[in-house]
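Peer 1: My questions concern the predicted model and sequence given below.
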Number of protein chains: 2
Amino acid sequence: MAKKNKSALEEKKGVSVSEITNLSSIKSIQDKRKAEIDTDALTTSILNKDITALSRAITLVESKNPKHTDKANTVLKKCLPYANKSIRIGITGVPGVGKSTFIETFGKHLTSLGKRVAVLAIDPTSSITKGSILGDKTRMEELVKDNNAFIRPSASGDSLGGVARKTRESIILCEAAGFNVIIIETVGVGQSETTVHSMVDFFLLLKLAGAGDELQGIKRGIIEMADAIAINKADGDNLKRAKLAKVEFNRALHLYPEKSSQWQPKVSVCSALQNKGIDTIWEIILDYIDITSKNNYFKQKRNEQNKFWLIQTIENQLKSDFFNSPKIKKEFSKQLELIKNNETTPFAAADYLLKLN
Amino acid sequence: MAKKNKSALEEKKGVSVSEITNLSSIKSIQDKRKAEIDTDALTTSILNKDITALSRAITLVESKNPKHTDKANTVLKKCLPYANKSIRIGITGVPGVGKSTFIETFGKHLTSLGKRVAVLAIDPTSSITKGSILGDKTRMEELVKDNNAFIRPSASGDSLGGVARKTRESIILCEAAGFNVIIIETVGVGQSETTVHSMVDFFLLLKLAGAGDELQGIKRGIIEMADAIAINKADGDNLKRAKLAKVEFNRALHLYPEKSSQWQPKVSVCSALQNKGIDTIWEIILDYIDITSKNNYFKQKRNEQNKFWLIQTIENQLKSDFFNSPKIKKEFSKQLELIKNNETTPFAAADYLLKLN
């Protein structure tokens, strides 16, 4: 192959070399980085809470180079026995609701309690906007400097399924590196909430107290998925409106049938900017963990999520293998044309295409 | 094969033979029925509006015998050029809303206008209740005697997908037999409405004016799918409540964004029992056809439905082939166990199973 394989693990060009730089030591560093990845050493470093090693492993997981995929799978397998010991929290909300500020304040609160917090993101728009969320780490100035926090911008990928896989695998790596609270951020676009919901223990919806009908404009499915709704920016003139919104959301949540978790979703007001009500939200989450651990729902849900991802991954692959096969592609459009002209039925066409496969 | 093939086309034992019956003529009738099906003759009879031939062809379509499947496909192919010239109407509503009475009155109204009406049903519960809807034709006493009406109880099948295919193919046969209004009835169970919605031009939701919150208890998606809502049993003491419900539903419908059909769903009150308001519902449907024919949505929607069914059928088959393979079945549970014990990830397990295939 003439074209060089693109690799996320390759060195970027970076800043120009100053005259006093020792060129041979640059070479030695570069060689070391490009050298065969020692999965044993990498895993040991991750388990020793080495953030650089964690970052490298996530890059490995995100790489599209098949050689890296094998390495990634090896590291993941080695890390697995040390994973799963965390609370996974999904956070969503429309742009402008203050997600970054919330995660900054919430994350700082958690590290002050001795927790180690990893923040990941799923952003289906990132391939267009090149990382619209978490991309700019400076929006979490304090948290990014915190030794007990790890922030990783959203993985990019061709499909939400691909991004989801990378995020799921990154969770495992973060857990193996000793992070015991994993926050997955997403924006209210497409199916991203559903994706995040299917990989977290607790799903938090951030809202604003706005004018007009509070329930308008929210995708109904999202409310149904939420384990808690936090009405953010409840400060100054907004406080009264936020409290009214709380009443309204509480009423809305009671319309839904009881969840199989036996958990009644909570509504809370907070101001991430003024660090008010953040502790309450953490207590709500602890209550949830307590209840669902006792009734075994917590473990059950993780098992179901695993099964869901197993089946999802297989089904997506089966479909993409079929519909991307050049032979099928060609015949598919022919059959569509025949259907259009009433010369065949969708079912006969399906039988025909399946036999071709 | 020792076990005799079960066939829907085989003769049932029936009543015992009386002594005066001519045994050789019975034999000759039985032989004729069991004889090789002549697909050309069958198609010609269907096109000649022969109801017995139509019934036989539908039985052929519903048969699970592979020999019948081939014959059915041949007949379908021959009928296709004469199909598609009808209005397909889906009707849904919870049990007790008066679907049978509505279809009886509505159907009679249509035949009085010179239409030829076929009534089919999709009932995901029928395998359990052995045909809870349309099974008892006596509930449509008048319509069943009408020469311009054809009523066929719901097809049974192992899966909603299978039932759907049979119904879709029956539509083609009914159309070829000159029926120009096809009514597909369903009950509000599981995914049956979605299935019906994806095979009709117009989707009608039957409702009752009840006490309390009118919008409670309705699956929200159904309201969103409806092209019209008819509030039935609007007679006597109920009339006032029905009119109030109409206002409320109208308000609810306006909350949804405009449909790509440019059709604004209508709400209407009616009493099927007293034959009041039934004509209005037919006029609403004619309006819909008029608008969507002019803006080409009508044809577009049928094309999209065909594509949907093509893809659906393929995807279902791919999945069922994979997950029902004995090799996969065995390994699948093993992999699930490994995931549970943190010995592999859902993704690695998926890769493993896909490679086995």
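Peer 2: Structure received. Numbers count the residues shown, from 1 in each chain, chains lettered A, B, ... in the order given.

Peer 1: shaky segments in the stretch 201-350 of chain A?
Peer 2: Per-residue confidence for the stretch 201-350 of chain A (pLDDT under 70) gives these ranges: A:210-220.

Peer 1: Which positions in it make contact with chain B?
Peer 2: Counting by CB under 8 Å from any CB of the partner chain, the stretch 201-350 of chain A comes close to chain B at A:216, A:220, A:255, A:303, A:306-310, A:313-315, A:317-319, A:322, A:335-336, A:339-340, A:342-350. From N, CA and C alone the C-beta is placed, and that goes for glycine too.

Peer 1: which among those residues end up buried?
Peer 2: If you count burial by 16 or more other CB atoms under 10 Å in any protein chain shown, the buried members of these come out as A:306-307, A:309-310, A:313-315, A:317-318, A:322, A:335-336, A:339, A:342, A:344-350.

Peer 1: So A:E185, which state does it fall into?
Peer 2: Under DSSP: H, G, I helix; E, B strand; the rest coil, A:E185 falls in the strand class.

Peer 1: Please report how far it lies from A:L120.
Peer 2: Distance of A:E185 to A:L120, computed by CB to CB, to the nearest Å: 7 Å.

Peer 1: now swap in A:A176 and tell me
Peer 2: The spacing between A:A176 and A:L120, counted by CB to CB, is 14 Å.

Peer 1: What ranges does the stretch 1-150 of chain A have for its strands?
Peer 2: Secondary structure of the stretch 1-150 of chain A, counting by DSSP state E, counting those that start in this stretch: strands at A:87-93, A:117-122, A:149-151.

Peer 1: Throw those strands into JSON lines and include mean pLDDT and distance to chain B, thanks.
Peer 2: As requested, the strands of the stretch 1-150 of chain A are arranged in JSON lines below (pLDDT from 0 to 100; distance: least, CB to the nearest CB, whole Å):
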{"stretch": "strand A:87-93", "mean pLDDT": "94", "distance to chain B": "15"}
{"stretch": "strand A:117-122", "mean pLDDT": "91", "distance to chain B": "16"}
{"stretch": "strand A:149-151", "mean pLDDT": "95", "distance to chain B": "20"}
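
Peer 1: Point out the most buried one among those strands.
Peer 2: Burial of the strands of the stretch 1-150 of chain A is given as mean neighbour count (mean count of other CB atoms under 10 Å in any protein chain shown); strand A:117-122 ranks first at a mean of 27.

Peer 1: hey, C-alpha coordinates of that one in CSV?
Peer 2: C-alpha atoms of strand A:117-122 as CSV (Å, rounded to 0.1, in the frame of the first residue of the first chain):
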residue,chain,number,x,y,z
VAL,A,117,-13.4,11.6,38.8
ALA,A,118,-13.1,10.9,35.1
VAL,A,119,-15.1,12.9,32.5
LEU,A,120,-15.8,11.5,29.1
ALA,A,121,-18.1,12.8,26.4
ILE,A,122,-20.2,11.5,23.6
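
Peer 1: That one: how far from the chain's middle?
Peer 2: Mean-position distance between strand A:117-122 and its chain equals 7 Å (CA atoms, centre = their mean, to the nearest Å).

Peer 1: Can you give the contact residues for that strand?
Peer 2: A:103, A:107, A:110-111, A:133-134, A:140, A:143, A:146, A:148-155, A:160, A:163-164, A:167, A:170-171, A:174, A:177, A:179, A:181-186, A:192, A:195-196 (CB atoms under 8 Å, 6 or more residues apart in numbering or on different chains).

Peer 1: Break chain A down into its domains, please.
Peer 2: When chain A is parsed with automatic domain parsing, its domains come out as A:35-79, A:83-295, A:308-356.

Peer 1: Format the ones you listed as CSV; extra columns: distance to B:L47.
Peer 2: What follows is these, written out as CSV (distance: least, CB to CB, whole Å):
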stretch, distance to B:L47
domain A:35-79, 56
domain A:83-295, 46
domain A:308-356, 14
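
Peer 1: Those: which one's closest to B:S63?
Peer 2: Among the domains of chain A, domain A:308-356 comes nearest to B:S63, with 14.4 Å by CB to CB.

Peer 1: Around the residue lying closest to A:K329 once chain neighbours are set aside, how many other residues sit close by?
Peer 2: Excluding its sequence neighbours, the residue lying closest to A:K329 (CB to CB, 6 or more residues apart in numbering or on different chains) is A:F323, at 7.2 Å. When neighbours are counted by other CB atoms under 10 Å in any protein chain shown, A:F323 registers 15.

Peer 1: how near is A:F323 to A:I311?
Peer 2: Distance from A:F323 to A:I311, by CB to CB: 18 Å.

Peer 1: Check A:D290 too.
Peer 2: Applying CB to CB to A:D290 and A:I311 gives a distance of 30 Å.

Peer 1: more crowded one of the two?
Peer 2: A:I311 (15 against 11).

Peer 1: Identify the residues contacting that one.
Peer 2: If you count contacts by CB under 8 Å, 6+ apart, A:I311 has none.

Peer 1: Which element is encountered next along the chain beyond the one helix or strand it maps to?
Peer 2: Following DSSP states H and E, one finds A:I311 within helix A:297-323. Note on helix A:297-323: by DSSP H and E, the next helix or strand toward the C-terminus is helix A:326-340.

Peer 1: distance between that next one and the chain's centre?
Peer 2: On CA atoms, centre = their mean, the centre of helix A:326-340 falls 37 Å from that of its chain.

Peer 1: Please apply the same query to stretch A:330-341.
Peer 2: Counting by CA atoms, centre = their mean, stretch A:330-341 comes out at 39 Å from the chain centroid.

Peer 1: Double-check the residue nearest to A:K329 against A:E331; I have them as touching.
Peer 2: No - in this structure A:F323 lies outside contact range of A:E331 using CB atoms under 8 Å: 11.1 Å.

Peer 1: now A:D237: how far from A:A209?
Peer 2: Distance from A:D237 to A:A209, by CB to CB: 10 Å.

Peer 1: do A:V196 as well
Peer 2: A:V196 is 24 Å from A:A209, by CB to CB.

Peer 1: So between the two, which is more surrounded?
Peer 2: With neighbours defined as other CB under 10 Å, A:V196 and A:A209 compare such that A:V196 has more, 24 against 21.

Peer 1: Skip the chain neighbours and tell me the closest residue to that one.
Peer 2: A:V196's closest residue in space is A:G90 (CB to CB, 6+ apart), at 4.2 Å.

Peer 1: same question, A:I172
Peer 2: Here the residue nearest A:I172, using CB to CB, 6+ apart, is A:A83, at 4.4 Å.

Peer 1: Which pLDDT does the model give that neighbour?
Peer 2: Looking at A:A83, its pLDDT is 92.

Peer 1: Report how many residues lie close to it.
Peer 2: Using other CB under 10 Å, the number of residues around A:A83 comes to 18.

Peer 1: residue in the stretch 101-250 of chain A nearest to chain B?
Peer 2: A:R165 (5.4 Å; CB to the nearest CB).

Peer 1: What's the local residue count around that residue?
Peer 2: 23.

Peer 1: where along the stretch 151-300 of chain A do the helices fall?
Peer 2: With helices called from DSSP state H, counting those that start in this stretch, the stretch 151-300 of chain A shows them at A:160-176, A:192-197, A:220-225, A:238-254, A:278-294, A:297-323.

Peer 1: Reformat these as TSV; add distance to B:A228.
Peer 2: Shown next, in TSV, are these (distance: least, CB to CB, whole Å):
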stretch	distance to B:A228
helix A:160-176	35
helix A:192-197	30
helix A:220-225	22
helix A:238-254	28
helix A:278-294	43
helix A:297-323	35
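
Peer 1: For the spatially closest residue to A:G178 that is not a sequence neighbour, report the pLDDT, please.
Peer 2: Taking CB to CB, 6+ apart, and ignoring the residues beside it in sequence, A:G178 has A:K49 as its nearest neighbour in space, at 4.8 Å. Per-residue pLDDT puts A:K49 at 96.
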